[in-house]
Structures are given as C-alpha cells and as structure tokens.
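My questions are about this predicted structure, shown below with the sequence.
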Amino acid sequence: MNPSRRPIETFDPLLRDLVGWGLVVRSDSAKPIWRLADAAQRRLNELVLSSAPVDAESVVYFHHRCALCREQKPTRLRQSHYLCESCLARQADIHDDVPAEETSRGSRKYMRLHWSRDKGSIAS
C-alpha cells in the first residue's frame, strides 16, 4: 500500500500519538523539524531488521470507526476504508454472490470500494 496516495490528514491520529507518547522530538533550530526520539529510532531499527515489512491491510486499527456500521471498534484497512471484522465478513459474502463479469476491475483484492447506500455495504 502506497502511503503517498492517501491524504496526509489520514495519519493525524498516528501523528498525535507519536507526539503524545514522546516518540518524536522537535528541534530548537530557526526552522523547527521533527525527528524520531533516540529510543524510538533504535527500536524502529530493531523491528525493521528483525522482521518482514508489515502490510497496512494486516494491521488492526483501534482509533477508527467502521465505514459501514460506524461503530468504533477494531478495524482493518481495506481499499482505503476502515472495516470491522463483521463488516469485512459481510463484504466477502456480498462479493461472493456477485458474478465475475460484474467485477470488471479484477479480483476482490484489488477492487476499488465505495459506499453503496442501497445495498448497505461497500461495493465495487
């Protein structure tokens, strides 16, 4: 997933958390810049060197509302939408019922999702 395709505002909760937990520090120069705190930089290096890269779709997010049911509970990022497990399962059921010719953009993994009020779901 390419973060440069998302509006920077998408990351506001993460950025606030970084500041709140003291994981980033601001320089005292004439033009202040932010950088990772030394302890955070060390830990990030350890994590990156010791494991494979993490796919954004495999991460569970706790500070987002589900795009379908609007409940704030653990969600996963799917095609730019945060969805809870029950809504993800419902989406899979809906898309299993859609004939292949109606999913012209390719496999479910790469479908562009959007809100569909008449179906009460995110659809392709």
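On my side now, so go ahead.

For residue 78, give its distance to residue 63.
17 Å (CB to CB, to the nearest Å). Glycine gets a C-beta too; all of them are placed from N, C-alpha and C.

same question but for residue 42, I mixed them up
Going from residue 42 to residue 63 by CB to CB gives 25 Å.

Just want the most central residue of this structure.
Centrality entry for the chain: nearest residue to the mean C-alpha point is residue 77, 4.0 Å, by CA atoms, centre = their mean.

Are we agreed that that one is in a strand?
Yes: using DSSP: H, G, I helix; E, B strand; the rest coil, the assignment for residue 77 is a strand.

show me the contacts for it.
Residue 77 makes contacts with 1, 56-57, 59, 61, as judged by CB atoms under 8 Å, 6 or more residues apart in numbering.

same question, residue 18
residue 24.

Which strand or helix spans it?
Using DSSP states H and E, residue 18 sits within helix 12-20.

Touching the very next helix or strand once past that helix from outside, list them.
Heading C-terminal from helix 12-20, the first helix or strand you meet, by DSSP H and E, is strand 24-26. Here strand 24-26 makes contact (CB under 8 Å, 6+ apart) with 18, 32-37, 40.

And the helix or strand following strand 24-26, what's buried?
Elements were assigned by DSSP H and E; along the chain past strand 24-26, the next helix or strand is strand 34-36. Judged by neighbour count using 16 or more other CB atoms under 10 Å, strand 34-36 contains no buried positions.

Next, residue 93: secondary structure please.
Once three-state DSSP is applied, residue 93 turns out helix.

can you count the residues close to it?
10 (other CB atoms under 10 Å).

what about the helix holding residue 18, average pLDDT?
For helix 12-20, the mean per-residue pLDDT is 90.
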